[in-house]
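>>> kindly return the folded structure for what I paste below:
(chains A, B, C and D)
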Protein chains: 4
Amino acid sequence: MASEHEIEIRVRYSETDAMGFLHHSNYFNYYEMGRTELFRSQGGDYRQMEADGRYFVVVSLEAKYRHPARYDDVLKLVTRLVKVGAAKLEHEYSVFCGDELLATARSVLACVDGDGQVQRIPDNVMAAVE
Amino acid sequence: MASEHEIEIRVRYSETDAMGFLHHSNYFNYYEMGRTELFRSQGGDYRQMEADGRYFVVVSLEAKYRHPARYDDVLKLVTRLVKVGAAKLEHEYSVFCGDELLATARSVLACVDGDGQVQRIPDNVMAAVE
Amino acid sequence: MASEHEIEIRVRYSETDAMGFLHHSNYFNYYEMGRTELFRSQGGDYRQMEADGRYFVVVSLEAKYRHPARYDDVLKLVTRLVKVGAAKLEHEYSVFCGDELLATARSVLACVDGDGQVQRIPDNVMAAVE
Amino acid sequence: MASEHEIEIRVRYSETDAMGFLHHSNYFNYYEMGRTELFRSQGGDYRQMEADGRYFVVVSLEAKYRHPARYDDVLKLVTRLVKVGAAKLEHEYSVFCGDELLATARSVLACVDGDGQVQRIPDNVMAAVE
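As a prediction, this is how the structure comes out:
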């Protein structure tokens, strides 16, 4: 299965801030979109996984910002699944505007049940992501 | 019970947009805060109401914008409950910066159950808001 | 020139709320996207308009909500320009999930300069939208 | 001057997600509020700094999430300035709900001019933060 996926995202006006830039917190919403689409490209369905009572929650994040993005920029987000554990996934992200690298990040997600207890990643999910 | 309540809200950087103003969509988050705090001032607890299986959902909104707000402005939001029906509440909102009226709005909320079906407002809630 | 435009928007996880629905404030970000893309389809470029010192600000909004949207829903947003004045634009919006109409809205925008003073809509913009 | 500051933040409904938790991206808006208020407590005024043509932009972030926050929770955010360089500031953050530590983070900000070029932190700002 593919462990890398690319999507395009156009920066919304509501996502900019008074500096005129995409606000740094909004990149994490993009990264989440990247994960959703990578998982979909692998045959997964995160909405169904939640309906089945398993959730991925963010455990840790690291992010670097090199250059700002602006309203109406069309960004390219590359999402890579770099590590698969029994209960955790690690992803890396790169955001480009044209050829310019704007930002990178890394996240660790844990699989939990509805009470927030860590659980093994379900077999059907594991089959998709591995 | 009081049917009017006032709160202060300081505009966050993340709520501004590239024009340097509080983005118009964020006022609705403020209005929701106003409703929460008005209800609390009446002895209500919206979190508990949800735990009891009843929700207020927004049915309609009207909003007018006169002057913009900016980062770090301390706004005064006045929330008034203007009509109480068997299953609906109507609120009016006024946002001030100092003495200047920036924006006004009106909303209609409906009481629903977890399936989105309209339900009578629970007695304990009605006792608080009436 | 076309005065109606349609876009697809997939609901992001970050846009949902604790009820599991797309939060009502986020529809206004969608409507803004609809305006941007309608204007682009007419040959306009809102970023350039701002660079030229003219802005559209929201003066008033009306919104109705019939049915909720959920994470990962692919919504269809139809944006129509229904009235063009010397300094104002009126738009109407309809949001569908499949064939079901979820929400409608209407907005009035005013053209202003960098000081917030109302100005005639620039000729090149007027040529696009008329 | 104080290099640590504490604020209370009540979680807004619009900040929650379909899991019922404060969405992880919103913590970064809280951290930014913490920086603004720490700076204010030191006699600084970030809005004035921007008016003077200097900005702090986020260069890097690290964040850890231990326990979720929910709608209406009153959180305590402790913001500490841990390192002051010629053009950079490093902050640490801790978010508590009651006595429970929910999340921690660390950020590096760079001082830039309106063109995004790194600049020395202005003397009046340095006097406040040191």
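>>> so, low pLDDT: which residues of chain A?
Low-confidence segments of chain A (pLDDT under 70): A:1-2.
>>> for the longest helix seen in it, packing partners?
Looking across chain A with DSSP state H, the single longest helix is helix A:26-41. On a contact count with 3 or more Cβ pairs under 8 Å, 6 or more residues apart in numbering or on different chains; DSSP states H and E, helix A:26-41 meets strand A:4-10, helix A:46-51, strand A:55-65, strand A:74-84, strand A:88-97, strand A:100-112. Bear in mind the C-beta positions are built from the backbone N, C-alpha and C, glycine included.
>>> can you tell me which residues contact A:M19?
By Cβ atoms under 8 Å, 6 or more residues apart in numbering or on different chains, the contact set of A:M19 is A:68, D:50, D:55, D:57.
>>> if we go to 7 Å?
D:Y55 (Cβ atoms under 7 Å, 6 or more residues apart in numbering or on different chains).
>>> secondary structure class for it?
coil (DSSP: H, G, I helix; E, B strand; the rest coil).
>>> residues of chain A that sit close to chain D?
Within chain A, the positions near chain D by Cβ under 7 Å from any Cβ of the partner chain are A:19, A:24-25, A:28-29, A:55, A:58-65, A:68, A:116.
>>> which of those are buried?
Among the residues of chain A next to chain D, those buried by neighbour count (16 or more other Cβ atoms under 10 Å in any protein chain shown) are A:19, A:24-25, A:28-29, A:55, A:58-63, A:65, A:68.
>>> can you redo those as CSV with distance to C:T104?
Output for those, formatted as CSV (distance: Cβ to Cβ, whole Å):
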residue, distance to C:T104
A:M19, 34
A:H24, 34
A:S25, 30
A:F28, 31
A:N29, 26
A:Y55, 33
A:V58, 35
A:V59, 40
A:S60, 42
A:L61, 38
A:E62, 42
A:A63, 38
A:Y65, 38
A:P68, 35
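>>> closest one to chain B out of the residues you listed, please.
Nearest to chain B out of these is A:S25 (Cβ to the nearest Cβ; 5.7 Å).
>>> interface residues of chain A facing chain B?
A:13-14, A:16-18, A:20, A:23, A:25, A:71.
>>> and these, which is closest to D:F39?
Of all the residues of chain A next to chain B, D:F39 sits closest to A:A18, with 16.0 Å by Cβ to Cβ.
>>> I'd assumed B:T16 was in contact with that closest one.
Yes: contact criterion Cβ atoms under 7 Å: A:A18 and B:T16 qualify, at 4.0 Å.
>>> and the longest helix of chain A, which residues are buried?
A:26-39, A:41.
>>> what's the answer for stretch A:66-81, then?
Here stretch A:66-81 shows A:68-69, A:71-73, A:75-81 as buried, counting by 16+ other Cβ under 10 Å.
>>> how about these in TSV, adding distance to chain C?
Formatted as TSV, those follow (distance: Cβ to the nearest Cβ, whole Å):
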residue	distance to chain C
A:P68	14
A:A69	12
A:Y71	6
A:D72	5
A:D73	9
A:L75	14
A:K76	17
A:L77	13
A:V78	18
A:T79	14
A:R80	19
A:L81	17
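>>> contact partners for A:C97?
A:C97 touches A:69, A:73, A:75, counting by Cβ under 7 Å, 6+ apart.
>>> quick revisit: ChimeraX command for the buried members of the residues of chain A next to chain B?
Burial among the residues of chain A next to chain B is assessed by 16+ other Cβ under 10 Å; the matching ChimeraX selection reads:
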select /A:13,14,16,17,18,23,25,71
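>>> around chain C, pick out the residues from chain A.
A:12-14, A:29, A:32-33, A:47, A:71-72.
>>> which among those residues gets closest to A:D123?
Closest to A:D123, out of all of the residues of chain A next to chain C and judged by Cβ to Cβ, is A:R47, at 18.1 Å.
>>> my guess is that closest one contacts C:Y71, does it?
Yes: assessed by Cβ under 7 Å, A:R47 is found in contact with C:Y71 at 6.0 Å.
>>> of all the residues of chain A next to chain D, which comes closest to chain C?
Out of those, the member with the shortest distance to chain C (by Cβ to the nearest Cβ) is A:N29, at 4.2 Å.
>>> give the contact list for that closest one.
Contacts for A:N29 (Cβ under 7 Å, 6+ apart) come out as C:12, C:14, D:25.
>>> mind redoing it with 10 Å?
A:9, A:15, C:12-15, D:23-26 (Cβ atoms under 10 Å, 6 or more residues apart in numbering or on different chains).
>>> with A:G20 instead?
By Cβ under 10 Å, 6+ apart, the contact set of A:G20 is A:68, A:70-71, B:17-20, C:50, D:114.
>>> name the nearest of those relative to D:N124.
D:G114 (17.9 Å).
>>> how about A:G85, phi and psi?
Backbone torsions for A:G85, taken as degrees, to the nearest 10, come to phi -110, psi -180.
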